[in-house]
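Undergrad: Build the 3D model from these lines:
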Amino acid sequence: MARVLVIGGGVAGTATALALHKAGFEAEVHEAHPDSAEDIGAFLTLASNGMRALAQLDASAAVTAVGFPLTSLRLLDDRATELAHAPMGEVSDPLLTYRCLRRGELNTALQTEAARRGIPVRHGARLTSVEDGPDGVTARFTDGGTASGDLLIGADGLHSVVRRSISPTTRPFPSGQYVFYGYTRAAAPSGPEACITMVRGSGAAFGYAVSPDGETYWFARVNGDPLTAEELAQGTPAHWRELLLPLLRADAGPAADLVAATDEDLMVTNATEIPTGTPWRSGRTLLIGDAAHAASPATGQGASMALEDAVVLAKSLRDAPDTDSALALYEELRRPRVEHNITVSGNISRGTHTPSTAPRPAPDEELARLLDWDTDLWAARPAHHGQGS
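TA: Next up is the predicted model:
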């Protein structure tokens, strides 16, 4: 049984460990943070494709125990006029319904499920270097500890230490926006249940959804140069409200009231992305998730793409005749799709293109076949070759 080291215990890393375990591999997760609550302030949506991947990992129940479902999307203009309202995702299947949840809750749910299955998750393990040799790969950590295995998966996010060993010159770059996230119970916008509302505001793109217990989750995407590290470190919720509210007050609708009613549960981050064409692998080391293909949050596909990665990687390793063939197959299947998402999402953030969806290429039925746990990816590879899916 091959031993796989997974660096990073976020969505991509923990899901990959679950997938590898299901495929019969020995996986262990090494997470730098002392607990599971990285980025607990931000929230995300898992789209139907991400929920489909979770179902293949037998992890749906762990995730649907947190967050809340979203079944439709409503679009408003800056005067609060409804431009569209339509079902969202594969609402006919409860397992595939979109879900809104805090990133920290998702991390905790996946890590708890990993522990339940006997998968080791080591916290406080901050990577310093990777040593790739002819007989294995070794991870070295800041506490002086080491771990060795047959394969190392870098799922350590946007500022990946693993990526430095593969592509030392690659750096994330700004997507042209910064993004606010907040929560409030002090303002209750009207609207359909289980709906996410997007507002084409005059000064910001705004979105919100109301949980069944009456808490409003909201975000705002603002065009501009990235905030400096000093600004991000020193900013307070009061400062972020002062920065954002003038951009919202000219518009009708609930955006300004929601922000004004938000107290301490408010954060901001820069929208960044990884350049397309970035190398993903070297020897016994592979990048996945945001470490490989981070996109701006405009399409809302980051976590769902990471979950897809987990399933396709485990199946590639399971089905291919050797590790090199498996990693090549994985990259062939994943790169066109995730890099399309980087491009589309970045174009939305920069205001150069505004499609309603993003996770192409690959028709839904082809993606479903790729993710289906019983599909042999190696046997089926001629059907994919040259199709960019």
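
Undergrad: is it fair to say residue 4 lies in a strand?
TA: Yes. Looking at residue 4 with DSSP: H, G, I helix; E, B strand; the rest coil, it is inside a strand.

Undergrad: Spit out the contact partners of it.
TA: For residue 4, the contacting residues are 17, 20, 25, 26, 27, 28, 149, 150, 151, 152, 153, by C-beta atoms under 8 Å, 6 or more residues apart in numbering. (Each C-beta comes from the backbone N, C-alpha and C, glycine too.)

Undergrad: which one of those residues has the most neighbours?
TA: Taking other C-beta atoms under 10 Å as the neighbour criterion, residue 17 ranks highest of the contacts of residue 4 with 32 neighbours.

Undergrad: so that one is in which element?
TA: Using DSSP states H and E, residue 17 sits in helix 11-22.

Undergrad: model confidence over that helix, on average?
TA: For helix 11-22, mean pLDDT is 98.

Undergrad: And stretch 180-189, by the same measure?
TA: 94.

Undergrad: again with stretch 271-282
TA: Here the average pLDDT along stretch 271-282 is 96.

Undergrad: what's the nearest residue to residue 187 if we skip its chain neighbours?
TA: Nearest residue to residue 187, sequence neighbours excluded (C-beta to C-beta, 6 or more residues apart in numbering): residue 261, at 4.0 Å.

Undergrad: List the residues that contact that neighbour.
TA: 184, 186, 187.

Undergrad: contacts for stretch 192-200?
TA: 45, 68-78, 80, 83, 85, 88, 98, 100, 189, 191, 205-210, 212, 251, 253, 255.

Undergrad: In strands, which of these fall?
TA: Judged by DSSP state E, the contacts of stretch 192-200 include 45, 68-70, 72-77, 83, 85, 98, 100, 205-210 as members of strands.

Undergrad: which of those residues count as buried?
TA: Using 16 or more other C-beta atoms under 10 Å as the burial test, the ones in strands among the contacts of stretch 192-200 include 45, 68-70, 72-76, 98, 100, 205-210 as buried.

Undergrad: just the helices in the chain please.
TA: Here the chain has its helices, by DSSP state H, at 11-22, 48-56, 60-64, 103-116, 161-166, 229-234, 237-248, 255-260, 290-293, 302-319, 323-350, 364-371, 381-384.

Undergrad: quick one, which of these is nearest to residue 139?
TA: helix 161-166 (8.6 Å; C-beta to C-beta).

Undergrad: for that closest one, packing partners?
TA: Other helices and strands packing on helix 161-166, by 3 or more C-beta pairs under 8 Å, 6 or more residues apart in numbering; DSSP states H and E, are strand 127-133, strand 151-154, strand 281-282, strand 285-287, helix 290-293.

Undergrad: Given the longest one, what are its sheet partners and their directions?
TA: Pointing back at strand 127-133 there. Its sheet considered, strand 127-133 pairs with strand 136-141 (antiparallel) by DSSP bridges.

Undergrad: Looking at the partner strand now, give me its mean pLDDT.
TA: On average, strand 136-141 scores 97.
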